[in-house]
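Peer 1: Could you look at this predicted model? Sequence included:
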Amino acid sequence: AWLAGQPGRAHELLDEAAGYAAEPLLLARGVHVRGAIEGLCGRPDTAYAMLVAGAEPIAARHPGQAARMLAEAGRLAWTAADLPRLAEAGRRLAALPSTEGAAAPGATLLVGLAALLEGDAEQAARFLRAGRALAQADPDSLGLVAGAAMFVGDDAAALDLFTTAAVRARAAGAVSVLPLMLAPLGALQMWTGRFAAARATATEGLRLSLDTGQDNTAAHHRAVLAWIAAAQGRAEECRTEAAAALSRAIGQRLGPPAGIAAWALALLDLGEGRTEEAFDRLTALADAGPGEGHPVVKIFAAADLVEVAVRTDRPERATAALDLLQSWADPARSPWAHALVARCRGLVESADAHFTQALSLHAMAGRPFDTARTALLFGETLRRRRRRAEARRHLRLACETFERLDATPWAELARAELLATGETARKRDPSTVADLTPQELQISRLVGEGGTNREIAAHLFLSPRTVDYHLHKVFVKLGISSRGELVRLSLEDPGLLDDGR
């Protein structure tokens with residue numbers, strides 16, 4: 001019942017089962033389900049206590065089940081940035097008998113996450129890499145392993161692992177598990193510039209979260225939608241989704257959605273030229289306590305804080321943010337992270353060499369939004385030094401990339417800088433594909449892959465009638481009249497309807 005997205009029915013069955021089950025393993029399984037439901041639908045701190053207490057009686061005889069419960073408890077502690085509880089879950093995992101091979105990967109990963117909360121990025125990277133190597137084939141820890149890849153800056157591995165986790169949940173019909181996998185997948189698609197994919201992922205994740213009563217997971221999806229809306233200039237949508245995400249996240253100490261939503265509002269300010277407001281928001285995020293932000297989000301947002309601190313002549317704050325980013329980037333060994341460090345050094349030191357290095361690293365990193373922002377900042381710097389011809393090359397790159405991402409306010413900033421160099425950039429003609437909603441884009445992609453309405457409905461947990469309704473709207477928007485034409489569109493231009501998966 002829980003996997004099918006019916007938490008109320010699951011509680012009823014658990015209450016009934018409690019009258020029959022006396023065997024410790026069965027009781028523990030019941031506690032595990034209750035803890036999972038509470039963690040996603042209710043209070044994560046209550047869920048943590050349930051899971052840890054439920055694992056203790058079975059630790060000696062059933063370490064595999066105990067390990068799954070403690071790993072779940074550790075994930076909840078990580079979300080709240082609760083270092084004492086995260087360390088406790090890690091110690092309990094490490095103490096389990098290793099006969100089933102379930103304790104070691106989870107324990108190693110939790111030690112790495114605890115080190116990250118403590119600010120020891122070098123030790124964190126070492127343990128997270130070790131945990132990934134141990135647990136890659138373990139489906140129970142797939143989400144933690146994918147998170148480990150994300151936290152050491154390995155975008156390709158993290159995308160692959162989160163996508164695999166989502167595919168497995170979808171294939172199993174685990175409608176309650178799928179939103180939890182889609183939340184970090186959407187965030188990672190967003191940060192890697194797959195805005196259409198991220199919006200489709202988060203929109204589906206939000207729908208499924210609300211359908212299954214997972215208000216905590218819904219906050220994460222709303223935060224992702226707010227960030228994308230900020231980047232693409234949909235101001236009202238950004239504020240609405242961010243407010244809803246923060247309302248839930250702050251009350252339940254959900255650090256990642258709280259941090260992403262706050263960052264989204266700062267990004268909106270920055271894109272619209274409100275530099276002081278962006279500085280205030282990013283400073284508040286950097287100083288936020290557990291549950292009001294999250295260490296990883298603070299690291300990822302540090303480059304923006306450097307930019308606004310430089311723009312508002314606050315060198316001490318810029319240096320502190322750069323040091324934080326540098327301390328994480330060194331052991332992470334990720335090209336995109338070092339590209340951001342180089343960009344920030346270019347801003348702080350006003351040095352061409354750092355910007356040039358940043359663009360070279362960006363070329364290996366696959367984060368187009370970051371690349372375009374670096375090109376914009378370098379072009380702006382060159383233009384102010386009256387090196388207009390050099391500036392134009394970088395500003396053209398920025399403008400073209402922002403337009404491709406539909407990052408309207410950023411494209412306008414690049415276009416204004418180009419105009420200041422004496423060059424006029426024409427606006428790109430809007431694509432009719434851009435008019436498709438996230439769900440219409442998903443359905444179009446699946447039709448292009450040959451899926452029937454019934455197959456697509458099962459894949460997206462919708463009714464065939466709903467799929468047919470959206471498909472009709474797709475035909476109207478694209479000016480076509482049949483599935484065959486839609487399939488041909490996909491074959492002629494494979495990237496046209498690609499949602500990034």
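Peer 2: All right, it came through fine.

Peer 1: so L128 sits right up against G112, yeah?
Peer 2: Yes: if you go by C-beta atoms under 8 Å, L128 and G112 touch, sitting 3.8 Å apart. Using the backbone N, CA and C atoms, a C-beta is placed for each residue, glycine as well.

Peer 1: Which residues are in contact with the residue nearest the centre of the chain?
Peer 2: For the chain, the residue nearest the mean C-alpha position is A187 (1.8 Å; C-alpha atoms, centre = their mean). If you count contacts by C-beta atoms under 8 Å, 6 or more residues apart in numbering, A187 has them with A198, H220, V224, W227, P256, I260.

Peer 1: run the last query once more with 10 Å
Peer 2: With contact taken as C-beta atoms under 10 Å, 6 or more residues apart in numbering, A187 is in contact with 150, 158, 162, 198, 201-202, 220-221, 223-224, 227-228, 256-257, 260, 297, 300.

Peer 1: can you give me the helices in the stretch 151-300 of the chain?
Peer 2: Using DSSP state H, counting those that start in this stretch, the helices of the stretch 151-300 of the chain run over 155-171, 178-191, 195-211, 215-232, 235-252, 255-271, 275-287, 295-311.

Peer 1: got CSV for those, with mean pLDDT too?
Peer 2: Conversion of these to CSV gives the following (pLDDT from 0 to 100):
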stretch, mean pLDDT
helix 155-171, 89
helix 178-191, 94
helix 195-211, 94
helix 215-232, 97
helix 235-252, 96
helix 255-271, 97
helix 275-287, 97
helix 295-311, 96
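
Peer 1: Reformat these as a markdown table; add distance to T408.
Peer 2: Shown next, in a markdown table, are these (distance: least, C-beta to C-beta, whole Å):
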| stretch | distance to T408 |
| --- | --- |
| helix 155-171 | 25 |
| helix 178-191 | 16 |
| helix 195-211 | 12 |
| helix 215-232 | 6 |
| helix 235-252 | 10 |
| helix 255-271 | 9 |
| helix 275-287 | 17 |
| helix 295-311 | 18 |
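
Peer 1: what residue ranges in the chain score low on pLDDT?
Peer 2: Scanning the chain for pLDDT under 70 picks out 98-104, 134-141, 425-434, 487, 489-501.

Peer 1: can we see that at 50?
Peer 2: 101, 493-494, 496, 499-501 (pLDDT under 50).

Peer 1: where's stretch 287-303 relative to the chain centroid, distance-wise?
Peer 2: On the basis of C-alpha atoms, centre = their mean, to the nearest Å, stretch 287-303 sits 14 Å off its chain's mean C-alpha point.

Peer 1: repeat for stretch 337-354
Peer 2: Worked out by C-alpha atoms, centre = their mean, stretch 337-354 lies 25 Å from the chain centre.

Peer 1: Give me the buried positions along stretch 306-319.
Peer 2: Neighbour-count burial for stretch 306-319, counted by 16 or more other C-beta atoms under 10 Å, picks out V306, E307, V308, A309, V310, R314, R317, A318.

Peer 1: Just the residues contacting that stretch, thanks.
Peer 2: Residues outside stretch 306-319 that contact it (C-beta under 10 Å, 6+ apart): 266, 269-270, 274-283, 286, 302, 305, 320-325, 340-341, 343-348, 350, 373, 377.

Peer 1: If any of the residues you listed are buried, put those into a PyMOL selection.
Peer 2: Selection of buried members from the contacts of stretch 306-319 for PyMOL, criterion 16+ other C-beta under 10 Å:
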select buried, resi 266+269+270+275+277+278+279+281+282+283+286+302+305+320+321+322+324+325+340+341+343+344+345+346+347+348+373+377
